[in-house]
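Colleague: no sequence for this one, just the structure:
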Ligand SMILES: N=c1c2ncn([C@@H]3O[C@H](COP(=O)(O)OP(=O)(O)OP(=O)(O)O)[C@@H](O)[C@H]3O)c2ncn1[C@@H]1O[C@H](COP(=O)(O)O)[C@@H](O)[C@H]1O
């Protein structure tokens with residue numbers, strides 16, 4: 001499953017110069033960065049609302065929050081692609097942080 005990001009990354013790269021009439025991703029690129037950022041914001045809001053429903057047991061199977069998080073991640077990948085940024089540095093950044101306590105990292109930052 002983890003290679004889906006790499007496979008999706010390849011498709012997104014191809015879509016940067018594809019026909020907007022035949023590709024949703026290409027249509028986002030054609031509309032520009034502001035439209036892509038609007039979608040990221042919209043999907044973030046929808047994720048928050050779905051998470052609230054899940055927490056209130058209104059969505060027992062968490063289907064909506066899973067689907068909305070996928071929409072948010074997908075549109076974030078389109079944003080990176082539009083800026084010419086590969087998704088792999090993001091994965092590398094998460095790998096670099098792996099095992100470093102957020103509390104320790106914050107304490108090191110504030111003592112600088
Ligand atoms: N993973 C996704 C994916 N997730 C969500 N979406 C689309 O994202 C859109 C967002 O949903 P909304 O309800 O907000 O959309 P909407 O109301 O139609 O959009 P707006 O009019 O508000 O812009 C929907 O059209 C979804 O189909 C995706 N579209 C594409 N992909 C992947 O990207 C690949 C390339 O897609 P195309 O560029 O369309 O070929 C696909 O093969 C998939 O792997």
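Modeller: Good, I have the coordinates. All values derive from a computational prediction rather than experimental measurement.
Colleague: Residues in contact with stretch 81-88: which ones?
Modeller: Surrounding stretch 81-88, the residues in contact under the criterion CB atoms under 8 Å, 6 or more residues apart in numbering are 5-6, 9, 12-13, 15-16, 25, 28-29, 33, 36, 77, 80. Where you see a C-beta, it was placed from the backbone N, CA and C, and this is true even at glycine.
Colleague: For the ligand, tell me whether that stretch is touching it.
Modeller: No. Remark: stretch 81-88 sits outside contact range of the ligand, by CB under 6 Å from any ligand atom, the gap being at least 10.4 Å.
Colleague: pLDDT averaged over that stretch - what is it?
Modeller: Across stretch 81-88, pLDDT averages out at 95.
Colleague: how many neighbours does residue 47 have?
Modeller: Residue 47: 20 surrounding residues under other CB atoms under 10 Å.
Colleague: who does the longest helix belonging to the chain touch, helix- and strand-wise?
Modeller: With DSSP state H applied, the helix covering the greatest number of residues in the chain is identified as helix 33-55. Judged by 3 or more CB pairs under 8 Å, 6 or more residues apart in numbering; DSSP states H and E, helix 33-55 is in contact with helix 24-31, helix 63-82.
Colleague: so can I have JSON lines of the ones you listed showing mean neighbour count?
Modeller: Written out in JSON lines, the entries for the helices and strands packed on helix 33-55 read as follows (neighbours: other CB atoms under 10 Å):
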{"stretch": "helix 24-31", "mean neighbour count": "17"}
{"stretch": "helix 63-82", "mean neighbour count": "17"}
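Colleague: okay, these in JSON lines with distance to residue 57 next?
Modeller: Compiled in JSON lines, the helices and strands packed on helix 33-55 are given as follows (distance: least, CB to CB, whole Å):
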{"stretch": "helix 24-31", "distance to residue 57": "33"}
{"stretch": "helix 63-82", "distance to residue 57": "12"}
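Colleague: among those helices, which is nearest residue 41?
Modeller: Proximity to residue 41, assessed across these by CB to CB, is greatest for helix 63-82 (9.2 Å).
Colleague: Past the closest one, which element shows up next along the chain?
Modeller: helix 88-97 (DSSP states H and E).
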